[in-house]
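J.: here is my input, please return the structure:
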Amino acid sequence: MQAQRSTPSQDPWNKGKLTGQKAPLRLNEIYAIRVRLQLSRRTRDLALFNLAIDSKLRACDLLNLRVMDVMHGSQLASRAIVMQKKTKRPVQFEITEQTRKSLADWIEQAALRNGEFLFPSRIRSSPHLTTRQYARIVHQWVREIGLDDSSYGTHTMRRTKAALIYRRTRNLRAVQLLLGHTKIESTVRYLGVELDDALEIAEQTEV
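T.: The predicted model follows:
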């Protein structure tokens, strides 16, 4: 009986790369990326960046958004709600004025219709940007403002506004709802807030 010939397994996407929790962007870094995208007239990237920050969605949910998910009739909505792929639970997010403006510019430029994906792909096998394409775009953004892109990834975009909200309010429950977590413990681990708070207390304590 002839033995089956084993086929080489495909290398994982993260082979040879640093993995782990990715850092959120700071306010000055958000502004730096946004200004660079505006000056270079990258309309799609600006819309993608702004919506990723506002929505706090996982990459798979962000890239699955359609025009009708963010529009009411002919107007961009100030809030949207989507069903999360991972948890099968709905999550709501805000769409700020500058995000609505960048989305409107992109939808007009790309001539997108109501039922179409917000961020279509040029690859025939995928109707919208893939998570791999999105990851490459995020790495490009952070490299362009002089950051080490190995410390950042698509989860950077999900964590950024949540981390800023927590630092300003210390309201874990609010962040839990915005991220769509079912357990507060998940939010604590996701933000690493226990360590951050402990370090902050230590820095303010003189002995």
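J.: packing partners of the helix or strand that Trp106 is a member of?
T.: Under the criterion of DSSP states H and E, Trp106 resides in helix 97-110. When contacts are defined as 3 or more C-beta pairs under 8 Å, 6 or more residues apart in numbering; DSSP states H and E, helix 97-110 sits against helix 43-55, strand 75-76. Where you see a C-beta, it was placed from the backbone N, CA and C, and this is true even at glycine.
J.: what's the following helix or strand after that helix?
T.: As assigned by DSSP H and E, the chain's next helix or strand after helix 97-110 is helix 131-144.
J.: sorry, back to before: now the helices and strands packed on helix 97-110 in CSV, with distance to Ala174, mean neighbour count and mean pLDDT?
T.: Output for the helices and strands packed on helix 97-110, formatted as CSV (distance: least, C-beta to C-beta, whole Å; neighbours: other C-beta atoms under 10 Å; pLDDT from 0 to 100):
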stretch, distance to Ala174, mean neighbour count, mean pLDDT
helix 43-55, 15, 22, 97
strand 75-76, 24, 14, 94
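J.: hmm, back to that, now the angle between helix 43-55 and the helix holding Trp106, please.
T.: Computed by axes from the mean of the first three to the mean of the last three C-alpha atoms, to 10 degrees, the angle separating helix 97-110 from helix 43-55 equals 150 degrees.
J.: hang on, the earlier thing: between the helices and strands packed on helix 97-110, which gets nearest to Pro127?
T.: Closest approach to Pro127 among the helices and strands packed on helix 97-110 (C-beta to C-beta): helix 43-55, 15.4 Å.
J.: and the residue nearest to Leu178 when sequence neighbours are not counted, what is it in contact with?
T.: Leaving aside its chain neighbours, Leu178 sits nearest to Lys56 (5.7 Å; criterion: C-beta to C-beta, 6 or more residues apart in numbering). Going by C-beta atoms under 8 Å, 6 or more residues apart in numbering, Lys56 touches Phe93, Arg158, Arg159, Lys161, Ala162, Leu178, Leu179.
J.: middle-most residue in the protein, spatially?
T.: Centroid-nearest residue in the chain: Met157, 3.3 Å away (criterion: C-alpha atoms, centre = their mean).
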